[in-house]
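Participant: Sequence first, then the predicted structure, then my questions.
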Amino acid sequence: MDKLLSVVIPSLGGNLSATLESLNSGTVVPNEIIICLPNRKYSVDELNKNIKVIYSNKHGQVFQWIHGFKEAKGDLVLQLDDDVVVSPNCVELLIDTLNQSKKAIAVSPCWYNSDDKKPLHQRRLSSFLMLLYYWIINGNKGYMSGEISLSGTNFGVNPNDVNKKVIDVDWQPGGCVLHDKSNIIFNNYYPYKGKAFYEDLMHSFLLRESNVGLVVNVKAICMTHINPRVGLGKELFLDIRARMYFVKMANLSISRMCIFYVIYIVRSILFRITHYRISYT
């Protein structure tokens, strides 16, 4: 008997047509798609027969996900962001990978940029400065695809850099992950209010602590837009606060994390100065 598939999407509403159409036009169509909104002030356009809306009565992406997980009826649950488009066979490949595994795993796809269709995660050129930078944040291991550095930063998976269909990773972007419902974490693990930072790293760490392996099927594809860099105002403080929480949780290097942020701030200031000069030349 085939397992039922639920998709859980936390959202603030609006037009989710691209995401929903990609799910419902694939080789495996979900039995249900649950869109979790904070409250009834928010709404979603263009609902379909396998789509239902629920309300968490509380803002927060992690809280909305967990509320949706509890409502899901499927044996398999796909957590998905509301701005993600999956390829026609993405969900099928994720399910096949999970079903074929002899151990408990969560499965995610490879990420591509919606604008240029190139892999979202790209390693920088191997110049001396970049090699030095990777050493600063991750010691002698340097850049390691799919791993979390000693500073608490994360390296994504570029399918062009790997020669296997399925690879083990340290973390998974939370925007698209397939779970067996029996392995889902139902506790709210994000300790702060408002916009969530690095909740995917926290979630990945807790899954691994629960003996759930994390894997990426590099043939499965999903697409999204690149998020803008964190600014130097209040958002940077929230970013640092969340990463510090994760670094302590995972027993990583606070000193390397601090150096990472010094480099980040200096580079951001230099970028602003350069951009300002170019704009007024």
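Facilitator: Right, received. Where do you want to start?

Participant: pLDDT on the helix or strand hosting K219, on average?
Facilitator: Taking DSSP states H and E as the definition, K219 sits inside strand 213-224. This predicted structure assigns strand 213-224 an average pLDDT of 96.

Participant: Report the distance from it to the chain centre.
Facilitator: Strand 213-224 has its C-alpha centroid displaced from the chain centroid by 11 Å (CA atoms, centre = their mean, to the nearest Å).

Participant: Run me through the strand neighbours of it, direction for each.
Facilitator: On the basis of DSSP bridges, the sheet neighbours of strand 213-224 come out as strand 85-86 (antiparallel), strand 105-113 (parallel), strand 166-168 (antiparallel).

Participant: Could you export those as a markdown table, including mean neighbour count?
Facilitator: For glycine as for every other residue, the C-beta is placed from the backbone atoms N, C-alpha and C. As requested, the strands paired with strand 213-224 are exported to a markdown table (neighbours: other CB atoms under 10 Å):
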| stretch | mean neighbour count |
| --- | --- |
| strand 85-86 | 22 |
| strand 105-113 | 23 |
| strand 166-168 | 16 |
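
Participant: Compare these and give me the one nearest L201.
Facilitator: Ranking the strands paired with strand 213-224 by proximity to L201 (CB to CB) places strand 105-113 first, at 13.3 Å.

Participant: Could you identify the helix or strand that succeeds the strand holding K219?
Facilitator: Counting by DSSP H and E, the next helix or strand C-terminal to strand 213-224 is helix 234-249.

Participant: helices or strands up against that following helix?
Facilitator: Applying 3 or more CB pairs under 8 Å, 6 or more residues apart in numbering; DSSP states H and E, one finds that helix 234-249 makes contact with helix 199-209, helix 254-279.

Participant: What residues sit buried inside the longest one?
Facilitator: Within helix 254-279, the residues that count as buried by 16 or more other CB atoms under 10 Å are 256-257, 260, 264.

Participant: what do you get for the shortest one?
Facilitator: Neighbour-count burial for helix 199-209 flags 199-205, 207-208 (criterion: 16+ other CB under 10 Å).

Participant: Out of those residues, which comes closest to L132?
Facilitator: Sorting those by distance to L132 puts L201 at the head of the list, at 23.9 Å, by CB to CB.

Participant: Next one, pLDDT for the closest one please.
Facilitator: With respect to pLDDT, L201 scores 97.

Participant: between the helix-or-strand element of the chain with minimal mean pLDDT and helix 234-249, how big is the angle?
Facilitator: In the chain, no helix or strand scores lower on mean pLDDT, DSSP states H and E than helix 254-279, which sits at a mean of 80. Computed with axes from the mean of the first three to the mean of the last three CA atoms, to 10 degrees, the direction of helix 254-279 lies at 160 degrees from that of helix 234-249.
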